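Asks: A predicted structure for the sequence below; I have some questions about it.
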Amino acid sequence: MIKRIAITGPESTGKSWLSEELAAHYQTVWVPEYARQYIDGLNRPYNFDDILEIARGQYNLEEECALRANKLLFSDTDFIVLKVWCEFKYRKTHPWIDEMILKHKYDLYLLADIDLEWKFDPQREHPHLRKEIFNLYKEELTTRSLPFQIISGREEERLRNAVSYVNLLEIS
């Protein structure tokens, strides 16, 4: 059985980089952020209903990647990301996303800290609200009693910090 690790947190905190680096370190696969390709394919601004489609696409992509995983699977987003995103932008969330947070468990959440410089990307929206959004993630994970660790540091230090927590998982 594979262990699932979600890389979660605000935009521009190195989630994609960390997911890819962890997968390489453990010689396994990682799940890219489905929202990127979905939003890139739209000919209009995304809306509340698009986030539900993104959530479903992310789930399907993760299940496909899980078939190729070698003991560990790193996901560059999760249902917590989608919930926080919905609630922050629209002040509501989709019931299906809430349901999936309860049903689709991860063995560990790595909460990416905001100690990295924010980098522009057309899909990023809130460079000045990072601390507030980070606290929403932390509160969500804490309130739900989900197993998480905050990952900070730059590049190799960030990777080493993440590896130290992943190594604590019992991997068979």
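Replies: Sure, I can see it.
Asks: Please make it C-alpha for all contacts and neighbour counts, starting now.
Replies: OK.
Asks: mind checking the SS state of the residue nearest to K138 when sequence neighbours are not counted?
Replies: Spatial nearest neighbour of K138, excluding adjacent residues (C-alpha to C-alpha, 6 or more residues apart in numbering): L111 at 7.6 Å. Using DSSP: H, G, I helix; E, B strand; the rest coil, the structure places L111 in strand.
Asks: Measure how buried L111 is and give me the count.
Replies: When neighbours are counted by other C-alpha atoms under 10 Å, L111 registers 23.
Asks: ok, now E53?
Replies: 14.
Asks: And it, how far from N60?
Replies: 11 Å (C-alpha to C-alpha, to the nearest Å).
Asks: Give the other helices and strands that the helix or strand of the chain with the lowest mean pLDDT contacts.
Replies: Taking mean pLDDT, DSSP states H and E as the measure, the chain has helix 34-40 as its least confident helix or strand, at a mean of 91. Contacts defined by 3 or more C-alpha pairs under 8 Å, 6 or more residues apart in numbering; DSSP states H and E place helix 34-40 against helix 48-66.
Asks: And the helix it packs on, what's buried?
Replies: I51, L52, I54, A55, R56, G57, Q58, Y59, L61, E62, C65, A66 (16 or more other C-alpha atoms under 10 Å).
Asks: mind checking how far the residue nearest to the second one when sequence neighbours are not counted is from F74?
Replies: Counting by C-alpha to C-alpha, 6+ apart, L52 lies nearest to H94, which is 6.7 Å off, once chain neighbours are set aside. In this view, H94 and F74 are 24 Å apart by C-alpha to C-alpha.
Asks: spatially speaking, which residue is in the middle of this protein?
Replies: Among the residues of the chain, the one closest to the centroid is T77, at 2.3 Å (C-alpha atoms, centre = their mean).
Asks: State whether it and T8 are indeed in contact, as I suppose.
Replies: Yes - with contact defined as C-alpha atoms under 8 Å, T77 reaches T8; the gap is 5.5 Å.
Asks: Give me the common contacts of those two.
Replies: Shared contacts of T77 and T8 (C-alpha atoms under 8 Å, 6 or more residues apart in numbering): K15.
Asks: hang on, the earlier thing: a strand runs through the residue nearest to the centre of the chain, doesn't it?
Replies: No - the assignment for T77, made by three-state DSSP, is coil rather than a strand.
Asks: Which residues are in contact with it?
Replies: A6, I7, T8, K15, P32, E33.
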